[in-house]
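Asker: build me a model from this:
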Amino acid sequence: MVDNSRVSEIKKTNSDLSVNRASERMTSGVFSADYAWVAVGACGLASIAFGPELAFMALEGSTNLLIFLGILTGICILLVSFTYFRVTELFPKGGGGYAMTSQLLGPYVGVIAGAALLVDYVLMVAMSISAASYLVFSFVPAAWKNFQMWVALLLMFGMMLFHMQGRRLYLKPFKWFFIVFLLAHLAFILVGISDHFQYVGEIIDRSLLGTQAEINSMGWLFVLAIFAKGFFLGGGTYTGLEAASDCIQLSRYRQSTERRKQLLVYVACALAFAAASFSTLYLLWDVKPEPLRALNAVLFETVLERFGWSSFWVQIGAMFLISLEVSVLFLAAHVGFRVGPRVLSTMAIDSCLPHQFRYLSDRFVTRNGIVVMGFFACLAIYLSQANIRYLVILFSINVFLVFSLSMAGLIVYWLKHRDEAGSLSGFCFAMMGFVVSSTILLGTVITQFSQGGWITIVVTTAVVAVCFWIRQQYRMARKKIAVVDESFANIPYGSEQAANELDPNGRTAVFVVGRSRGSGMHAFLWVQRMFPGHFTNFIFVKARTVDAQAYGGREAMEAMRVDASVSLSFFVNFCRSHGLRAMSYLRFGTDAVDELTALAQEINQSYPNAIFFTSKLVFEQENLLTRMLHNQAVLELQRRLHNAGQQMVILPMKV
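Answerer: So this is what the prediction gives:
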């Protein structure tokens, strides 16, 4: 015999264990601590492959400005990076710019940031693949150039298939590629600058005199416009910080604020150093653009020829360096496929996207999210003809939109926390970061509006509109459910007392309940009405998603546990007051469907005569949209239980 106190103790212990397991999942991460730095570094440094070239080409022959552009770009990278670190410190459990803006600037501004992030991750994947194909085609005959877009599409399709199959991205092989990439490029930069170091003074003098001559002949406004165009296009390419910070949230580095900050500092410093160094090398070695070839490939060959190598070995050396950049670009694209769906999940939890995307199972986020991302990435590659310059314009606008909103959120944060240590310096850095980010954003929109910038604005606006419409649909559904809850608010308790223990061999009704008390009572009363006296045991189960929403850590999870336990206690106490044997189970995890599936197996082992029940929403006017927005988790759970040979009945609840 088990008394009530013992049952309560067991339930509390099981719930605490569930919280502990969920907390461990939240801190275990997708990437291990040994290799997470590879993914983070790739996101930040992949733009070296095309960023300096785009800045060089944007100057339209005014190479005298290049050295100043490189220095300014490096400074801005460090400023925005160091300011953005505060975002990851305030939200160590993930969410990035979306979490920052939602919490500090309101949910409506958060939707704008989230929509921009969704578009950005699609473009990040498309841009990485397009840049990789562009580098590869620098070493093939010009007649083959027409196949570049199709090769990029083929690579994108292969990457989609890889991730759709649920394969895990192992970073260990990429570790050595990335180490060689860092060492090879560092050695190349040092050798390239040291070999022509005697010309540095001459280059500076030439740049100053050439800039002064251009100002005298064309006016300082014209020269400033050219410089700004180069800065907007060049600076907009070094924007892997959002992906890098979100990538850290998937790794064990998020357990340590200091380690996380150190890693981002290293990436930011390396990126700023590389951006300034490549701009300097273009000037020192007087690199000239060649049609259909990447400027980095031309630079590599120019420097290697200086050592007296034969044409064959020069080609091999240049291809080796380019292949390292291609491997880093591929890794950045892979990381985009890993991180991007989590933005879908975070926004779905907040009802900005269909709820089916909030579950991190294969069928939902991992598969459907990848299909959505891959489809639109392929569309971006096809429509842009794999033109990296065009994709960068689209990409940088949304990136700096997110940065600007995040910096605005930081300003609000420091205004609300003026008493904290370092609030003044934090406010000043946030203000400078906002000025820089918003300036690049406005400058890119104005100068590149007719060159494709309007497309990003239209697409992002459309995504924002869809998110707001989905929020409204869920809000209307919650109001209808609230009416159902209200009808059960005053349902009276009975006066009987149930037996203390459940009968393992008795017929058991298991009810999967959600946040709505009305849906649970609807299912329970329906079963009692249709099968009076048939079931001996009544079990109520609940699973809560705790990944992207639990920004507050264990304290927030404990509050969720208390809230869910109170809800379950209502059902258990109601049954016992009517002389029915009842108990409950509570689980937490990153995927509620996974948790319920595992819990169903445990219950079925203890109570083999169990039948599962739950409710689904039925609308007066059913259509494709209502089916897409509602009941997906219920149908998926039923599919899994049926495949496992377990019985589950879905009861319609009209709202």
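
Asker: only C-alpha atoms from now on, for both contacts and neighbour counts.
Answerer: Noted.

Asker: could you pick out the longest helix of this structure?
Answerer: helix 311-349 (DSSP state H).

Asker: check the secondary structure at residue 582 for me.
Answerer: strand (DSSP: H, G, I helix; E, B strand; the rest coil).

Asker: sorry, back to before: show me what the longest helix of the chain is packed against.
Answerer: helix 36-45, helix 107-136, helix 172-195, helix 241-249, helix 295-305, helix 370-384 (3 or more Cα pairs under 8 Å, 6 or more residues apart in numbering; DSSP states H and E).

Asker: which stretch among those helices comes nearest residue 622?
Answerer: Closest to residue 622 of the helices and strands packed on helix 311-349, according to Cα to Cα: helix 370-384, at 24.1 Å.

Asker: for the nearest residue to residue 228 once chain neighbours are set aside, which residues are in contact?
Answerer: Among residues not flanking residue 228 along the chain, residue 443 sits closest, at 7.5 Å (Cα to Cα, 6 or more residues apart in numbering). The neighbours of residue 443, taking Cα atoms under 8 Å, 6 or more residues apart in numbering as the test, are 228-229, 232.

Asker: who's in contact with residue 316?
Answerer: Not one residue lies near residue 316 by Cα under 8 Å, 6+ apart.

Asker: let me know the pLDDT of it.
Answerer: pLDDT, residue 316: 92.

Asker: how much space between residue 276 and residue 591?
Answerer: Per Cα to Cα, to the nearest Å, residue 276 is found 44 Å from residue 591.

Asker: just among the contacts of residue 443, which is most surrounded?
Answerer: residue 232 (27 neighbours; other Cα atoms under 10 Å).

Asker: could you say which helix or strand holds that one?
Answerer: Per DSSP states H and E, residue 232 falls inside helix 220-235.

Asker: same check, this time on residue 496
Answerer: Judged by DSSP H and E, residue 496 forms part of no helix or strand.

Asker: not counting residues beside it along the chain, what's closest to residue 503?
Answerer: residue 537 (6.8 Å).

Asker: now residue 524
Answerer: In space, residue 524 is closest to residue 511, 7.4 Å off (Cα to Cα, 6+ apart).

Asker: ok, the one you found touching residue 527?
Answerer: No - contact criterion Cα atoms under 8 Å: residue 511 and residue 527 do not qualify, at 10.0 Å.

Asker: and those two? which has more neighbours close in?
Answerer: When neighbours are counted by other Cα under 10 Å, residue 511 comes out ahead of the other of residue 511 and residue 527, with 25 against 18.

Asker: partner strands of the helix or strand harbouring that one, with direction?
Answerer: Assigned by DSSP H and E, residue 511 falls within strand 508-512. Strand 508-512 pairs in its sheet with strand 537-545 (parallel), strand 610-618 (parallel), by DSSP bridges.

Asker: report the buried residues of the next helix-or-strand element following the first one.
Answerer: Following the chain from strand 537-545 toward its C-terminal end, the next helix or strand by DSSP H and E is helix 554-577. Within helix 554-577, the residues that qualify as buried by neighbour count (16 or more other Cα atoms under 10 Å) are 557, 560-561, 564-565, 567-568, 571-577.

Asker: equivalent analysis for stretch 317-335, please.
Answerer: Buried-residue list, stretch 317-335, by 16+ other Cα under 10 Å: 317-319, 321-335.

Asker: returning to what we had before: buried deepest among the strands paired with strand 508-512, which one?
Answerer: Most buried of the strands paired with strand 508-512, by mean neighbour count (mean count of other Cα atoms under 10 Å): strand 537-545, with a mean of 22.

Asker: contacts made by that one with the rest, please.
Answerer: With contact meaning Cα under 8 Å, 6+ apart, strand 537-545 is reached by 502-503, 506-514, 564, 568, 571-572, 575, 580-593, 595-596.

Asker: how far does that strand sit from the chain's center?
Answerer: Centre-to-centre, strand 537-545 and its host chain are 30 Å apart (Cα atoms, centre = their mean, to the nearest Å).

Asker: what's the neighbour count on the residue lying closest to residue 71 once chain neighbours are set aside?
Answerer: Once flanking residues are discounted, residue 71 sits nearest to residue 276: 5.4 Å by Cα to Cα, 6+ apart. For residue 276, the count of nearby residues is 21 (other Cα under 10 Å).

Asker: where does residue 276 sit, in terms of helix or strand?
Answerer: Going by DSSP H and E, residue 276 is in helix 257-284.

Asker: rewinding a little: format the contacts of residue 443 as JSON lines; extra columns: pLDDT.
Answerer: Converted to JSON lines, those look like this (pLDDT from 0 to 100):
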{"residue": "228", "pLDDT": "75"}
{"residue": "229", "pLDDT": "74"}
{"residue": "232", "pLDDT": "71"}
